[in-house]
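[1] fold the following and give me the result.
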Amino acid sequence: MHFLISIGIILAIIGIVLILMLKTPLKTSDKLLLVIFSCFVIKFSLDEVSIITGNTLFSGFAGAFGISTIVTSGWYVKYLTDTDGRFGWKQLMSYTPLIVAFICIMVLFFVNGQSWSAPIYLTIEVLMGALVIYYFGFCIHMLYKHRQLIHENYSGAPGSITINWMIVIISLQIVEFLLKVVLGRVITSYSNADLNIITNEYCFIIMTFLLVILGIWQKSIPVFIPAKEEIFQSALQPDDLKRYQLKLEKFMEEHKPFLDPELTIEKLGELTRIKKLLLSQTLNKAFNKNFFTFIKEYRIRHVEVELRNKSNAERTIMDIAYMSGFNSKTGFNRAFKEVTGKTPTEYLEN
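    Numbers count the residues shown, from 1 in each chain. Model prediction:
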């Protein structure tokens, strides 16, 4: 067995075993991660068969399983936050274009014996490229929605919430796709076996490794997602909106809940005795901000006040930042620049 492929299979199997051992009972996101690892095992195995037999049919099957992991990654991101959601037929329909395209390729080139140099092959190749780009767009859209939901529900953004590592996974899939196109079309001296080793194996092995290291320990991230009916029934009138706005401003000034680095919209709703949906509407409509930005600005203003306080002369700016609710230096520096227009160093110099 090819060395790289054997590593990929072993890593994927380790991922499957760890999920079954550590994540029982399985949530929807865990099951999707299990599917991704299973697809990796099948893909690597088919690549090995293709290399041994020299039959490109197996390479085609392997490619289909590889592409399927792109859309599955997108669904995985969604169900990390939609912890109670179910994966049903509606979600399965997203795989239909891939299945149809794959069946067409099999029928044309392996059943009817069409030549790979036939004009129709170029057409199908373009369509497959468009499909892959569509799936990448789907993943990026899911990452964007995830970021929105986090900012609507959490005041801090540690790695377990932002899942920045999934951006690396999806980027590797894009790199793999682009490399295959470039090496296959521009550098025509490469054989199919060389392409598989250079593109598929290296990129997919790195993805598998990252999923084993980071995906296994990724926890679900519960967020508040109101139903459309709830939003319609709870729409605030202008007078109510103003009342909640004043109540929230008074509470923030008197009790300073933003000093809690783990403050969430659910916790703030309990403290203020304002329902989460009404609190979210107040932030979005009265303040024109999401929860993350709202809390961030209060924390930065508190940092500015404490910096002017002579009793803090012996404290560093990071000491004050941690006292003000921030839980990381990177997050604080970024927030400070966004709110004040200056870096902490520039601010102190002035």
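[2] please enumerate the helices of the stretch 201-350 of the chain.
    For the stretch 201-350 of the chain, the helices defined by DSSP state H, counting those that start in this stretch occupy 202-210, 228-233, 238-255, 265-272, 276-281, 291-308, 317-323, 329-340, 344-349.
[3] ok, and what's touching the first one?
    The contact list for helix 202-210 (C-beta atoms under 8 Å, 6 or more residues apart in numbering) reads 4, 7-8, 11-12, 15, 37, 40, 43-44, 66, 69, 165, 168-169, 172-173, 175-176, 179. Just so you know, the C-beta spots here come from the backbone N, C-alpha and C atoms, and that holds for glycine as well.
[4] least confident of the helices of the stretch 201-350 of the chain, on average?
    Mean pLDDT across these is lowest at helix 228-233; the value there is a mean of 51.
[5] ranking the helices of the stretch 201-350 of the chain by burial, who's on top?
    With neighbours taken as mean count of other C-beta atoms under 10 Å, the helices of the stretch 201-350 of the chain reach their highest mean count in helix 202-210, at a mean of 21.
[6] off-centre distance for that helix?
    17 Å (C-alpha atoms, centre = their mean, to the nearest Å).
[7] which residue is nearest the middle of the chain?
    residue 143 (4.1 Å; C-alpha atoms, centre = their mean).
[8] what's whichever strand or helix holds it packed up against?
    Taking DSSP states H and E as the criterion, residue 143 maps to helix 119-153. Helices and strands touching helix 119-153, by 3 or more C-beta pairs under 8 Å, 6 or more residues apart in numbering; DSSP states H and E, are helix 56-81, helix 96-106, helix 159-162, helix 164-185, helix 265-272, helix 291-308.
[9] which intervals of the stretch 101-250 of the chain have sub-threshold pLDDT?
    109-118, 121, 157-162, 180-200, 224-235 (pLDDT under 70).
[10] could you chop this structure up by domain?
    Split into domains by automatic domain parsing, the chain comes to 3-215, 228-349.
[11] kindly reformat these as TSV containing distance to residue 222.
    Supplementary listing: the domains of the chain in TSV, determined by distance: least, C-beta to C-beta, whole Å:
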stretch	distance to residue 222
domain 3-215	5
domain 228-349	9
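[12] and the angle for the helix holding residue 143 with helix 291-308?
    If you take axes from the mean of the first three to the mean of the last three C-alpha atoms, to 10 degrees, helix 119-153 sits at 50 degrees to helix 291-308.
[13] for helix 119-153, list every residue counted as buried.
    124, 128, 131-132, 135-136, 138-139, 142-143, 146, 149-153 (16 or more other C-beta atoms under 10 Å).
[14] taking the residues you listed, tell me the two that lie furthest apart.
    124 and 153 (43.4 Å; C-beta to C-beta).
[15] tell me, how many neighbours does the closest residue to residue 148 other than its chain neighbours end up with?
    Take residue 148 and drop its neighbours on the chain: the residue closest to it by C-beta to C-beta, 6 or more residues apart in numbering is residue 290, 7.6 Å away. Residue 290: 19 surrounding residues under other C-beta atoms under 10 Å.
[16] could you check the pLDDT of the residue lying farthest from the centre of the chain?
    In the chain, counting by C-alpha atoms, centre = their mean, residue 310 sits farthest out from the average C-alpha position, at 43.3 Å. For residue 310, the pLDDT comes out at 86.
[17] report the separation between residue 171 and residue 145.
    Counting by C-beta to C-beta, to the nearest Å, the gap from residue 171 to residue 145 is 18 Å.
[18] again with residue 283
    In this view, residue 283 and residue 145 are 18 Å apart by C-beta to C-beta.
[19] in three-state terms, label residue 25 for me.
    The three-state label given to residue 25 by DSSP: H, G, I helix; E, B strand; the rest coil is coil.
[20] rewinding a little: separation between the residue farthest from the centre of the chain and residue 80?
    In this view, residue 310 and residue 80 are 46 Å apart by C-beta to C-beta.
[21] ditto for residue 179
    28 Å.
[22] what does residue 251 give?
    Taking C-beta to C-beta, one finds residue 251 at 31 Å from residue 80.
[23] what's the answer for residue 237, then?
    Counting by C-beta to C-beta, the gap from residue 237 to residue 80 is 35 Å.
[24] neighbour count winner among the two?
    Taking other C-beta under 10 Å, residue 237 and residue 80 do not tie; residue 80 has more neighbours (27 against 8).
[25] is it true that that one touches residue 218?
    Yes. The criterion here is C-beta atoms under 8 Å, and residue 80 meets it with residue 218 at 7.0 Å.
[26] can you list residues touching both of these two?
    29, 163.
[27] for residue 259, which non-adjacent residue is closest in space?
    That would be residue 325: by C-beta to C-beta, 6+ apart, it lies 4.9 Å from residue 259.
[28] how many residues are close by the one you found?
    24.
[29] cool, and residue 63?
    Residue 63 has 22 nearby residues by other C-beta under 10 Å.
[30] ok, it to residue 206 distance?
    Distance from residue 63 to residue 206, by C-beta to C-beta: 18 Å.
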